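Quick check, what structure comes out for this input:
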Amino acid sequence: MTHETAIAIRGVSKIFGPVETGLKALDNVSVDIRRNEFFTLLGPSGCGKTTLLRMIAGFETPTNGAIELDGTDITAEPPFRRPVNTVFQSYALFPHLTVAQNIAFGLEMLGRGKDEIKATTAEMLALVRMEAMAARLPAQLSGGQQQRVALARALAPRPSVLLLDEPLSALDLKLRKQMQIELKRMQQDTGITFVFVTHDQEEALTMSDRIAVMDAGHILQIGSPRDIYERPANRFVAGFIGESNFLDGTVLAAGPPARIALGGGQELSIDTADSPAAGQPVTLAVRPEYVLLGAFDAPGSLSGRITNLIYFGTDMHCHLTLDSGEELVARIPSGLSGKEGLETGAIAGVSFAPGALRIVGA
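Below is the predicted model:
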């Protein structure tokens, strides 16, 4: 373990029920979470992300493996002996206490002095920008304001790690986007390690320093938001993070560049040294924003028929069916979507931005 590691998860598995026949929620998971980073566990429902978070908190015990915090094995430590706080989907504020009293409660339970409690409460109120509402009761606050109080209460004791279990899920879209920015600001201001659980890709991309994409009890890829989005490790990651087009083909030559045959006799060339051998089936992934449309007879382009145009305000989604029968979506900025020939039923040439095509398996 390096000096930069806050949490070290070593070969952790979790089976609910009998070991031989029970539900395996996590399967030999290992990951290092760095100090002072915003780390996100991202995946669909049932992938094991909340189970992993609960084991860091001490609410679940691993069937196998170990968890270290700042170099100390905490696998068997109860929750109250871990310098970790958790913010849940339900904010669980005390309804009879004011905002300031809610924030101070944990400090009082820890036996902190009155002057320290007063100073820390004022600091937390400023951090979450709730100074003017210090005397209000939770029932007098909006959902977003209640969430800020819950965050302030969790941050007040200055835990080594703050765990967040989908805390934005109950908020409306606009408020959720605002709180994404606020959460990242709070993490940067406090320097506390945040471990955030979500199934929302945009939340993960917006806030995280690094993301662990999970599925079926495994971590499939760990990387920065840009790494995860632009260089997905496999088809699941490419399909789960943002939108992707997938094209099935067969390797004609491994290259580089690799030559890939699609159905209908169409071919693509990819500048990669990681292609399987000639004759092997492959799946290519490309993001919609990297699909370029032009004249149907442009040299080196594929050909496809426009089947649908969907306006999203900032951009237009153009659905096409290639001559090979593959379905494809191109994302076109609204300022360019009125160009001549972009209409349902038209034939368009399809090409791809340099480096946009990636081999993600078969």
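
What average pLDDT does stretch 115-128 get?
What stretch 115-128 shows for mean pLDDT is 90.

all numbers from here: first residue = 395
Okay, using 395 as the starting number, the last item reads as stretch 509-522.

which stretches of the stretch 495-644 of the chain form helices?
Here the stretch 495-644 of the chain has its helices, by DSSP state H, counting those that start in this stretch, at 508-521, 537-549, 567-584, 595-601, 619-624, 629-634.

Point out the most buried one among the ones you listed.
With neighbours defined as mean count of other C-beta atoms under 10 Å, the helices of the stretch 495-644 of the chain peak in mean count at helix 537-549, which reaches a mean of 23. Quick note: C-beta positions are derived from backbone N, CA and C, even for glycine.

quick one on the thing from earlier: looking at the helices of the stretch 495-644 of the chain, which is closest to Ile450?
helix 537-549 (14.1 Å; C-beta to C-beta).

okay, the closest one in CSV with CA atoms only?
Extracted C-alpha coordinates of helix 537-549, given in CSV (Å, rounded to 0.1, in the frame of the first residue of the first chain):
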residue,chain,number,x,y,z
GLY,A,537,-35.1,18.7,-0.2
GLY,A,538,-31.8,20.2,-1.4
GLN,A,539,-31.4,22.2,1.8
GLN,A,540,-32.0,19.1,3.9
GLN,A,541,-29.3,17.3,2.0
ARG,A,542,-26.9,20.1,2.6
VAL,A,543,-27.5,19.8,6.4
ALA,A,544,-27.0,16.0,6.2
LEU,A,545,-23.7,16.6,4.5
ALA,A,546,-22.6,19.2,7.0
ARG,A,547,-23.5,16.9,9.9
ALA,A,548,-21.5,14.1,8.4
LEU,A,549,-18.5,16.3,7.6
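
Report the angle between that helix and helix 567-584.
20 degrees (axes from the mean of the first three to the mean of the last three C-alpha atoms, to 10 degrees).

And the contacts of helix 537-549?
479-481, 485-487, 493, 496-497, 499-500, 518-519, 521-524, 527, 532, 535, 556, 561-562, 564-565, 569, 572-573, 576-577, 580, 584, 586 (C-beta atoms under 8 Å, 6 or more residues apart in numbering).

The stretch 445-594 of the chain: strands as residue ranges?
Using DSSP state E, counting those that start in this stretch, the strands of the stretch 445-594 of the chain run over 458-463, 466-467, 478-481, 555-559, 587-592.

thinking again about what came up before, just tell me which of the helices of the stretch 495-644 of the chain ends up closest to Asp426.
helix 619-624 (16.0 Å).

any idea how far the residue nearest to Ala648 when sequence neighbours are not counted is from Glu624?
Counting by C-beta to C-beta, 6 or more residues apart in numbering, Ser669 is the residue found nearest to Ala648 once chain neighbours are left out, at 4.5 Å. Distance of Ser669 to Glu624, given as C-beta to C-beta, to the nearest Å: 18 Å.

just Gly459 next, same as before
Distance from Gly459 to Glu624, by C-beta to C-beta: 31 Å.

Could you check the pLDDT of the closest residue to Arg523 other than its chain neighbours?
Leaving out its chain neighbours, the residue that sits closest to Arg523 by C-beta to C-beta, 6+ apart is Arg542, at 7.3 Å. Per-residue pLDDT puts Arg542 at 85.

in the protein, what secondary structure element scores lowest on mean pLDDT?
strand 752-755 (a mean of 82; mean pLDDT, DSSP states H and E).

and it, which strands flank it?
Strand 752-755 has the following strand partners under DSSP bridges: strand 675-680 (antiparallel).

Check the offset of the partner strand from the chain's centre.
23 Å (C-alpha atoms, centre = their mean, to the nearest Å).

Could I have the CA atoms of the helix or strand following it written out in CSV?
Following strand 675-680 in sequence order, the next helix or strand is strand 685-688 (DSSP states H and E). Extracted C-alpha coordinates of strand 685-688, given in CSV (Å, rounded to 0.1, in the frame of the first residue of the first chain):
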residue,chain,number,x,y,z
VAL,A,685,-20.0,9.8,-36.2
LEU,A,686,-19.6,12.2,-39.2
LEU,A,687,-22.1,12.6,-42.0
GLY,A,688,-21.4,13.7,-45.5
